[in-house]
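Engineer: no FASTA, just this:
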Ligand SMILES: [Zn+2]
Ligand SMILES: [Zn+2]
């Protein structure tokens, strides 16, 4: 038997790019790094040879040398190791764990993996996403439909979430194609199904480059948002399951959309009620009048009684904002009357007002003085 095949160890094709080599190394490191397999000598031994393979194949000069002449002398040969292709005695392989734990987990996808229990681990719910929509006053009150493009982490379309792509068949380097590894306990040798190739002896996949084997890829998705009638400035809409995808079968997170609502020209909103200031003329206030009031949907007729005072309020029932709960409740329109003193600058109006004063004759200041 020849030497260990570094390409087989990393599970990459002979034409693999440096990037592919790095990715393969990270994938294996996440599984076999001593930092995540404390006390597991088998994993540590495998990690040493994985590291050696990686350091050789990522360096163009060393890779050329390896392709021409095979591994340098210090890399253990299968004959010298206990478990073929896998369990290497720690000979003078200067490599060791060249990458720190932190370096391995530097990219965002790996960080996701490291947050949970890295080896195997629990299903983890995907993160929530947050967005904003800008609505006009009318859109918020009446409700509307919006489409929003959200960049979310979703199941990788290239590999369907498995992190692996089908590839030309290569022999499994861990069990040397036998489908079994052997473990020695004292004088006993146990054959175990090879976990790396799942007992098949061969690998028919390569890491998915699109998602770096995480099974998850960033993707822009256009999401239809139904904005219910009655949404207010700062209202938060929750769109279920449109956050990031979960890992290891975990549920997706949610998407939260905060509404920013513009102002109306004359109407103000206070919860379910709308408010409007209504200027009225002096004769309308004194004599009473039916006047038009601006509403959401046009105008409403308000009957002012004779003697309406400035600051007086009138409530138009159910001319307010519909409840966003969709239960049919609706607020009111509150009308605050403001009596406008006319600017009198023509002689006819002045004459009429003088005459009114003479006829009416009321002393508006009489309360200030004692009798
Ligand atoms: Zn993928
Ligand atoms: Zn195997």
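Structural biologist: Nice, thanks for sending it over. Note that the structure is predicted; figures quoted are calculated from it, not measured. Numbers count the residues shown, from 1 in each chain. Ligands and ions are numbered 1, 2, ... in the order given.

Engineer: Could you list the residues of this structure in contact with ligand 2?
Structural biologist: Residues of the chain found near ligand 2 (C-beta under 5 Å from the ion) are 172, 174-175, 194, 196-197. For every residue, glycine as well, the C-beta is placed using N, CA and C.

Engineer: can these go into JSON lines with extra columns for distance to ligand 1, secondary structure and neighbour count?
Structural biologist: Below are these laid out as JSON lines (distance: C-beta to the ion, whole Å; DSSP: H, G, I helix; E, B strand; the rest coil; neighbours: other C-beta atoms under 10 Å):
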{"residue": "172", "distance to ligand 1": "21", "secondary structure": "coil", "neighbour count": "25"}
{"residue": "174", "distance to ligand 1": "23", "secondary structure": "coil", "neighbour count": "25"}
{"residue": "175", "distance to ligand 1": "26", "secondary structure": "coil", "neighbour count": "26"}
{"residue": "194", "distance to ligand 1": "24", "secondary structure": "coil", "neighbour count": "21"}
{"residue": "196", "distance to ligand 1": "20", "secondary structure": "coil", "neighbour count": "21"}
{"residue": "197", "distance to ligand 1": "20", "secondary structure": "coil", "neighbour count": "23"}
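
Engineer: Tell me which of those has the lowest pLDDT.
Structural biologist: Minimum pLDDT across the residues of the chain next to ligand 2 is recorded for residue 196, with 76.

Engineer: give the contact list for it.
Structural biologist: Residue 196 makes contacts with 172-175, 203, as judged by C-beta atoms under 8 Å, 6 or more residues apart in numbering.

Engineer: same thing but at 6 Å, please
Structural biologist: 172, 174 (C-beta atoms under 6 Å, 6 or more residues apart in numbering).

Engineer: now residue 271
Structural biologist: Residues near residue 271 by C-beta under 6 Å, 6+ apart: none.

Engineer: let's go with 10 Å and repeat that
Structural biologist: 230, 232, 320-321, 331 (C-beta atoms under 10 Å, 6 or more residues apart in numbering).

Engineer: how about the spatially most central residue of the chain, phi and psi?
Structural biologist: Nearest to the mean C-alpha position of the chain, counting by C-alpha atoms, centre = their mean, stands residue 129 at 2.6 Å. Here is the backbone geometry of residue 129 (degrees, to the nearest 10): phi -120, psi 150.

Engineer: contacting residues around it?
Structural biologist: 150-153, 223, 239, 242-244, 252-257.

Engineer: Counting neighbours, what do you get for the closest residue to residue 240 other than its chain neighbours?
Structural biologist: Distances taken as C-beta to C-beta, 6 or more residues apart in numbering put residue 254 closest to residue 240, at 5.5 Å, once the chain neighbours are dropped. For residue 254, the count of nearby residues is 18 (other C-beta atoms under 10 Å).

Engineer: my guess is residue 254 contacts residue 131, does it?
Structural biologist: No: counting by C-beta atoms under 10 Å, residue 254 does not reach residue 131; the two are 11.3 Å apart.

Engineer: okay, and the common contacts of those two?
Structural biologist: 239, 242.

Engineer: and the protein, which residues reach ligand 1?
Structural biologist: So far as C-beta under 5 Å from the ion goes, the chain lies against ligand 1 at 156, 158-159, 208, 210-211.

Engineer: and which of these is nearest residue 219?
Structural biologist: Distance ranking of the residues of the chain next to ligand 1 against residue 219, using C-beta to C-beta, places residue 156 first at 8.7 Å.

Engineer: Give me the distance between the closest one and residue 245.
Structural biologist: Distance, residue 156 to residue 245, by C-beta to C-beta, to the nearest Å: 9 Å.

Engineer: if I look at these two, which residues touch both of them?
Structural biologist: Common neighbours of residue 156 and residue 245 (C-beta under 10 Å, 6+ apart) are 214-217, 219.

Engineer: List only buried entries from those.
Structural biologist: 214-217 (16 or more other C-beta atoms under 10 Å).

Engineer: one step back: report the contact partners of the residue nearest to residue 240.
Structural biologist: By C-beta under 10 Å, 6+ apart, the contact set of residue 254 is 125-130, 238-244.

Engineer: What subset of those residues is buried?
Structural biologist: If we count by 16+ other C-beta under 10 Å, the contacts of residue 254 have these buried: 126-127, 129, 239, 242-244.

Engineer: Of all pairs in these, which one spans the longest distance?
Structural biologist: 127 and 239, at 14.1 Å, using C-beta to C-beta across the buried ones among the contacts of residue 254.
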